[in-house]
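Asker: take this sequence and fold it.
(chains A, B, C and D)
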Protein chains: 2
Amino acid sequence: MKNRIRIERAILNITQADLADRVQVSRQTINAIEAGKYSPTLALGMKIAQQFEKTVNEVFELEEGD
Amino acid sequence: MKNRIRIERAILNITQADLADRVQVSRQTINAIEAGKYSPTLALGMKIAQQFEKTVNEVFELEEGD
DNA sequence: AACTAATGTAAAATATAGTTTACATTTTAT
DNA sequence: ATAAAATGTAAACTATATTTTACATTAGTT
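Answerer: Model (predicted):
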């Protein structure tokens, strides 16, 4: 699962901890998702995209093996 | 988490088992997600939307408490 | 009415997402 | 160069998604 979280965060100028607060998860969860370590739940993926005012498909992309 | 899976399945005229096969999960998983019993992983949500040639946001919608 | 396909559901087990605490490393600001 | 903020990471734990097996109910056929 690829994603543009780092870029979108940079645009909003917010930290991983800020984003974590906004979508109500731990900072480590954002860090892991941003690093592509695992696929979040759909609900979380949607909340993250929502923060960036983007669609899920604009923020996340499936890759081989997902 | 609300979704339009039943409707989109009807348009494609495929069963829950068909969809399950296509996205490589069990039929019960599709049944539970379609019934809104839980939020799938983002990867699965994206695969399901992909089958319908729709975006995730067109197929799934966040609701209070998600 | 009988038969079959499709759907609903449940319990136990496994896999994976997400938390918490804690510390190390890197980046940014002073 | 130093301090502070941000990020990376790890282990143990909890929560939840998904599987498997199995059976009950509903819808559609013949």
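Asker: count of neighbours near A:Gln28?
Answerer: 10 (other Cβ atoms under 10 Å in any protein chain shown). (Glycine included, C-beta is placed from N, CA and C.)
Asker: actually, A:Ala20.
Answerer: The criterion is other Cβ under 10 Å. On that basis, A:Ala20 has 19 neighbouring residues.
Asker: the host helix or strand of it and DNA strand D, are they touching?
Answerer: A:Ala20 is part of helix A:16-23, with elements assigned from DSSP states H and E. Yes: in terms of Cβ under 7 Å from any atom of the strand, part of helix A:16-23 sits within range of DNA strand D, namely A:16-17.
Asker: does chain B sit close to the next helix or strand after that helix?
Answerer: Proceeding N to C from helix A:16-23, the next assigned helix or strand is helix A:27-34, under DSSP H and E. No: residues of helix A:27-34 are not located near chain B by Cβ under 8 Å from any Cβ of the partner chain, the shortest gap being 8.9 Å.
Asker: which helix or strand lies directly C-terminal to helix A:27-34?
Answerer: Heading C-terminal from helix A:27-34, the first helix or strand you meet, by DSSP H and E, is helix A:42-51.
Asker: who touches the following helix or strand past that following helix?
Answerer: Taking DSSP H and E as the definition, the helix or strand that follows helix A:42-51 towards the C-terminus is helix A:56-59. Taking contacts as Cβ atoms under 8 Å, 6 or more residues apart in numbering or on different chains, the residues outside helix A:56-59 that touch it are A:3-5, A:8, A:42, A:45-46, A:48-49, A:52, B:42, B:45-46, B:49, B:55-57.
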